[in-house]
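Novice: model this:
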Amino acid sequence: QTATGVRKLAKQLGRATIHIRVGSILIVTKARDNSLVYLTRELTEWILGENPGIIVYVDAKLEHSKRFDALGIIAKNPQNYGSKLKYWTPQLTVSCPDAFDLVITLGGDGTVLYASGLFQGTVPPVIPFSLGSLGFLTNFPFEKYKLHLKRVFEHGINVNLRMRFTCTVYQADGTRTVRQQVLNELVIDRGPSPFISMLELYGDSHLLTIVQADGLILSTPTGSTAYSLSAGGSLVHPEIPAISVTPICPHTLSFRPMLLPDSMSLKVVVPKHSRAMAWVSFDGRNRVQLKSGDYVTVTASQYPFPTVVRKKTDYFDSVSRSLHWNVRQKQKPLSNNASDSKK
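Specialist: The predicted structure follows:
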């Protein structure tokens, strides 16, 4: 029901332009990247100057940064900027997600994934600006941030509700240890063990298969361009409601990647007779050890990740730009070949 409800909402929002009243903006960037700190300052100053009523939240690590120079920003308009420039922490985003009307990310796909991890419940609309090395998710060029943000403030936004997973880790006795929202993928692998992983994969409480491989990737459509792709998984458009199941180096020639419906509830178990333990990671972070009998459940989350759409061909533009998808020299017409042969 959760997957079906999110799917219907995504279709409705995908066709509509949403006018949002932006009262507060959260800027997510790499606080330790000097070049990005200067750009964060530039963006912050512009928003405060052009939109006096908007509160801008920046990373708390920048409060005392000499490069960001918060006091220098406030000094330009102490009466307004002093109350409008604020600082966020991961604790604030988890406890008060409704405090933000819009999220701006400056960086690459890793920054977008980090922003997803900050919100373990409801997520505000996210507009990702490209300033990183990889940009499947960052279709907005930073050089034109003024144009794009003015359009958001004045004309509204179109959003793509990207599926996330709710991943929960349980010990063998049923004790819950970890719950995490995942935008890209959940990976279970053998870690440092020299033995092959043995994992039982269940769908809606039925045993689907026993995985004997280096590991298993369960990815969202968004994550289909990441680790899953490297392991031989298929590209999946973000509007397709599917869970991608991709083995990592399976010890069989017949275990091919597969797409499952997003309505299916999956469970991956480390069987008690397995020779080795396993490790699970969430979007490449927070690795947790799985002992014999431990298991992980994966379901479509009721909290999708809304990214602002630049244009309808965003997905194809990103795979063409980042992967050079179907790039090939065009075939010459027969007329040219015939004339060449006569010469």
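
Novice: since we're on Lys332, how many residues are nearby?
Specialist: 9 (other CB atoms under 10 Å). Every C-beta, even on glycine, is put in place using the N, C-alpha and C of the backbone.

Novice: residues making contact with stretch 317-325?
Specialist: Here stretch 317-325 makes contact (CB atoms under 8 Å, 6 or more residues apart in numbering) with 134-137, 139, 225, 235, 311, 316, 326-327.

Novice: Restricted to buried residues, select those in ChimeraX.
Specialist: Here is the ChimeraX command that selects the buried residues among the contacts of stretch 317-325 (16 or more other CB atoms under 10 Å):
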select :135,136,137,139,225
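
Novice: I'd like the contacts of stretch 317-325 as JSON lines, with distance to Val28 and secondary structure appended.
Specialist: Below are the contacts of stretch 317-325 laid out as JSON lines (distance: CB to CB, whole Å; DSSP: H, G, I helix; E, B strand; the rest coil):
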{"residue": "Leu134", "distance to Val28": "16", "secondary structure": "coil"}
{"residue": "Gly135", "distance to Val28": "15", "secondary structure": "coil"}
{"residue": "Phe136", "distance to Val28": "17", "secondary structure": "coil"}
{"residue": "Leu137", "distance to Val28": "13", "secondary structure": "coil"}
{"residue": "Asn139", "distance to Val28": "16", "secondary structure": "coil"}
{"residue": "Thr225", "distance to Val28": "21", "secondary structure": "helix"}
{"residue": "Leu235", "distance to Val28": "26", "secondary structure": "coil"}
{"residue": "Lys311", "distance to Val28": "23", "secondary structure": "coil"}
{"residue": "Phe316", "distance to Val28": "26", "secondary structure": "helix"}
{"residue": "Asn326", "distance to Val28": "33", "secondary structure": "coil"}
{"residue": "Val327", "distance to Val28": "32", "secondary structure": "coil"}
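
Novice: and the least confident of the contacts of stretch 317-325?
Specialist: Across the contacts of stretch 317-325, the smallest pLDDT goes to Leu134, namely 73.

Novice: just so I have it, where are all the helices in the stretch 201-343 of the chain?
Specialist: With DSSP state H, counting those that start in this stretch as the criterion, the stretch 201-343 of the chain has helices at 227-230, 314-323, 334-342.

Novice: Flag whichever of these has the least confidence on average.
Specialist: Minimum mean pLDDT among those: helix 334-342, a mean of 62.

Novice: Could you find the closest non-adjacent residue to Gly82?
Specialist: Ile74 (5.0 Å; CB to CB, 6 or more residues apart in numbering).

Novice: Run a quick check on the one you found versus Tyr81, I expect a contact.
Specialist: Yes: look at Ile74 against Tyr81 with CB atoms under 8 Å: they come within range, at 4.7 Å.

Novice: For Ala99, give me its contacts.
Specialist: So Ala99 contacts 24, 57, 92 (CB under 8 Å, 6+ apart).

Novice: Among these, which ones are in helices?
Specialist: Leu92 (DSSP state H).

Novice: For the contacts of Ala99, which entry has the maximal number of neighbours?
Specialist: Among the contacts of Ala99, Tyr57 has the most neighbours (other CB under 10 Å), with 22 neighbours.

Novice: hey, what's it bridged with?
Specialist: Counting by DSSP bridges, Tyr57 forms beta bridges with Leu26, Lys86.

Novice: Gly23 is in contact with that one, correct?
Specialist: No: the pair Tyr57 and Gly23 does not pass the contact test of CB under 8 Å, sitting 11.4 Å apart.

Novice: And for Asp317, the neighbour number?
Specialist: Around Asp317 there are 15 residues (other CB under 10 Å).

Novice: mind starting the numbering at 16 from now?
Specialist: Let's use 16 as the start, then, which means that last one is Asp332.

Novice: mind checking how far it is from Pro156?
Specialist: Distance, Asp332 to Pro156, using CB to CB, to the nearest Å: 12 Å.

Novice: Same question for Lys165.
Specialist: Counting by CB to CB - Lys165 and Pro156 are separated by 15 Å.

Novice: on that earlier part again, the residue nearest to Gly97 falls within a helix, correct?
Specialist: Yes: assessed with DSSP: H, G, I helix; E, B strand; the rest coil, Ile89 lies in a helix.

Novice: what's the spacing between it and Pro67?
Specialist: 14 Å.

Novice: and if you look at Ile172?
Specialist: Taken as CB to CB, the span from Ile172 to Pro67 is 21 Å.

Novice: Tell me which of the two has more neighbours.
Specialist: Ile172 (22 against 11).

Novice: give me every residue that touches the nearest residue to that one once chain neighbours are set aside.
Specialist: Nearest non-adjacent residue to Ile172, counting by CB to CB, 6+ apart: Val323, 4.9 Å away. Going by CB under 8 Å, 6+ apart, Val323 touches 140-143, 155, 167, 172-174.
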